[in-house]
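> Next comes the sequence, and after it the predicted model I'd like to discuss.
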Number of protein chains: 2
Amino acid sequence: MTRILIADDHDLVRDTISAFLEREGPYQIIVAQDFYAAEDLLAKDGPFDLVLLDYGMPGMAGLSGLEKAIEKNHGYPVAIMSGTADRTVAHEALAAAAAGFVPKTMPAKSLLHAVQFMLAGEQYAPVQFMTQASDAEQHPLTSKLSEREMQVLDGLCKGMSNKEIARELDLQEVTIKLHVKTLCRKLEARNRTHAAMIAKEEGLF
Amino acid sequence: MTRILIADDHDLVRDTISAFLEREGPYQIIVAQDFYAAEDLLAKDGPFDLVLLDYGMPGMAGLSGLEKAIEKNHGYPVAIMSGTADRTVAHEALAAAAAGFVPKTMPAKSLLHAVQFMLAGEQYAPVQFMTQASDAEQHPLTSKLSEREMQVLDGLCKGMSNKEIARELDLQEVTIKLHVKTLCRKLEARNRTHAAMIAKEEGLF
DNA sequence: GGCAGGACTATCCTTTAGGATAGCTCACCT
DNA sequence: AGGTGAGCTATCCTAAAGGATAGTCCTGCC
């Protein structure tokens, strides 16, 4: 029978997922309460047809646990689960040859589909999560900056000089300098270029 | 029975895909040779359980055909196929509520999995295509820049001063200035900040 | 009214960026 | 050997950035 190893330190999550999968498919679910237990099981009973690893569990150490698990599962699919991790982690996991990235916010039915998909040897990623997430990440910075500062930051991102920005906003050049200084402080940037890059990375423009 | 509409102006592609899917699953495949024929079929025999639209076929007009098809299929899944389109198109298609994006370079077995996945109501995207593609898009710029220039550009993107970059690369500050100047010329940037932004937009770092 | 704070301006100064021009070395080519 | 070009350096100069300090105006708040 198809054997799936689920490793998660949250008892509730682990048990509900395993119960659901066992009910819905012809799967034998094996559980582990942390990464160390998962490692033991991989060595003793592996490889499994699919391994689901919680991203934040003890022993995972970021994605290094993923790589270890892939190796110990002899190339059979190993996927990452997470309730908190963001898009970046998901991308890194997939780049590190994870069989998939499964957010815990996903509906149970979709989880089942994802499992079936990964068992078929495909790489799974929740499209909505991967693309939509970029919108939500704007806020943390936007809220810290005044309207003027946003306008100046926009100028920086276009590569404009202080003088040009001043003309555009109908202000004096010195005022722009002041705003740039406060921007650098708020964004923890070392200069205008760095500030623009940070803004870009945060997806502000 | 599950009915799938495939619309593609390449006879060979259309026929091989439909033959393969008909053989592998309990699917009834209906074909159309362009978008207009697909529209007629949607109106006459729709909705279908799944619609596969070629991105470059006559009548598609980019992604506006996708939106029309989604509407005419009453919310049932509509996916985009393409042999040439890049990651950007894929993202836009998925954002426009496509059920999936299917590159024609995909193995037949994976196509089958994707079809099953989309029939289950999930949104499909080929992970490898979506992430790995970013490497290939570096070339247009990367090929224009020397190794040194790339190193300097990397420094710019970290917000470093010329002096700092010079120390890191064990060169003189003036040399960095020169590289920055040529970088600005090659990237058509107005200054270092602009150059860094362009590099970032092109996904170089 | 007085007071505090935010946004803008003014002045002064140092460092950095950016541009121009010239020379130097080394690999490569014919 | 000579020519060519890429990469690096040197010198000189102007513009821009960045930092500090102080002052003005306006607004909201006791």
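Cool, got the structure.

> Flag every residue of chain A that's near DNA strand D.
With CB under 7 Å from any atom of the strand as the criterion, chain A comes near DNA strand D at residues A:161-163, A:173-174, A:177-178, A:180-181, A:184, A:191-193. From N, CA and C alone the C-beta is placed, and that goes for glycine too.

> which of these sit farthest apart?
A:V174 and A:T193 (20.1 Å; CB to CB).

> More neighbours: which of those two?
A:T193 (25 against 10; other CB atoms under 10 Å in any protein chain shown).

> host element of the closest residue to that one other than its chain neighbours?
In this structure, A:T193 finds its nearest non-sequential neighbour in B:T193, 4.4 Å apart by CB to CB, 6 or more residues apart in numbering or on different chains. Under the criterion of DSSP states H and E, B:T193 resides in helix B:192-201.

> Tell me which helix or strand in chain A has the weakest average pLDDT.
None of the helices or strands of chain A scores lower by mean pLDDT, DSSP states H and E than helix A:139-142, at a mean of 57.

> how big is the angle separating the helix or strand just after that one from helix B:192-201?
Moving toward the C-terminus from helix A:139-142, the next helix or strand (DSSP H and E) is helix A:147-157. Relative orientation of helix A:147-157 versus helix B:192-201 (axes from the mean of the first three to the mean of the last three CA atoms, to 10 degrees): 80 degrees.

> Give me the contacts around helix A:147-157.
A:142, A:145, A:164-165, A:168-169, A:176, A:179-180, A:182-183, A:186, A:192, A:195-196, A:199-200, A:204-205, B:193, B:197 (CB atoms under 8 Å, 6 or more residues apart in numbering or on different chains).

> Any part of that helix near DNA strand C?
Yes - Helix A:147-157 lies within reach of DNA strand C by CB under 7 Å from any atom of the strand, at A:R148.

> Would you map the strands across chain A?
Remark: strands assigned in chain A by DSSP state E are A:2-7, A:27-32, A:50-54, A:78-82, A:100-103.

> Single out the most deeply packed of these.
strand A:50-54 (a mean of 28; mean count of other CB atoms under 10 Å in any protein chain shown).

> Please state the offset of that strand from the chain centre?
Relative to the centre of its chain, strand A:50-54 is centred 16 Å away, using CA atoms, centre = their mean, to the nearest Å.

> list the helices and strands that strand packs on?
strand A:2-7, helix A:35-45, helix A:64-72, strand A:78-82, helix A:108-119 (3 or more CB pairs under 8 Å, 6 or more residues apart in numbering or on different chains; DSSP states H and E).

> Roughly how far does the residue of chain A positioned farthest from its centre sit from A:A97?
The centre of chain A is farthest from one residue, A:Q172, which by CA atoms, centre = their mean lies 42.3 Å away. According to CB to CB, to the nearest Å, A:Q172 and A:A97 sit 55 Å apart.

> and what of A:E67?
From A:E67 across to A:A97, the span is 8 Å (CB to CB).

> burial count for A:L63?
Count around A:L63 with other CB under 10 Å applied: 17.

> ok, now which ones touch it?
A:L63 sits in contact with A:80, A:89, A:92-93, A:96, where contact means CB under 8 Å, 6+ apart.

> tally of neighbours for the spatially closest residue to it that is not a sequence neighbour?
Distance criterion CB to CB, 6+ apart; nearest residue to A:L63, sequence neighbours excluded, is A:A96 at 5.5 Å. Neighbour count for A:A96, taken as other CB under 10 Å: 14.

> pretty sure A:A96 is touching A:E67, no?
Yes - the criterion here is CB atoms under 8 Å, and A:A96 meets it with A:E67 at 6.1 Å.

> how many neighbours does the closest residue to A:I80 other than its chain neighbours have?
Excluding its sequence neighbours, the residue lying closest to A:I80 (CB to CB, 6+ apart) is A:A93, at 4.5 Å. Using other CB under 10 Å, A:A93 has 25 other residues around it.

> Pretty sure A:A93 sits against A:F101.
Yes - counting by CB under 8 Å, A:F101 is a contact partner of A:A93 at 5.2 Å.

> what do those two both touch?
Joint contacts of A:A93 and A:F101 (CB under 8 Å, 6+ apart) are A:I80.

> quick revisit: for the residues of chain A next to DNA strand D, which one is nearest B:P126?
Nearest member of the residues of chain A next to DNA strand D to B:P126, counting by CB to CB, is A:T193, at 35.8 Å.

> show me what contacts the closest one?
With CB under 8 Å, 6+ apart, A:T193 has these contacts: B:156, B:159, B:192-193, B:196.

> ok, now A:Y36?
A:58-59.

> what about chain A, any weak spots by pLDDT?
A:130-143, A:203-205 (pLDDT under 70).

> Kindly recompute the last result at 90.
For chain A, applying pLDDT under 90 flags the ranges A:1, A:9-26, A:45-47, A:55-65, A:75, A:81-97, A:102-112, A:122, A:125-192, A:194-205.

> That one against DNA strand C: which residues are in contact?
So chain A meets DNA strand C at A:146, A:148, A:171-172, A:174-175, A:178-179, A:191 (CB under 7 Å from any atom of the strand).

> Put the buried members of the residues you listed into a PyMOL selection.
To isolate the buried members of those in PyMOL, using 16 or more other CB atoms under 10 Å in any protein chain shown:
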select buried, chain A and resi 171+179
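
> Export the residues of chain A next to DNA strand C to a markdown table and append columns for distance to A:Y124.
Shown next, in a markdown table, are the residues of chain A next to DNA strand C (distance: CB to CB, whole Å):
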| residue | distance to A:Y124 |
| --- | --- |
| A:S146 | 42 |
| A:R148 | 45 |
| A:L171 | 51 |
| A:Q172 | 55 |
| A:V174 | 54 |
| A:T175 | 51 |
| A:L178 | 50 |
| A:H179 | 45 |
| A:N191 | 42 |
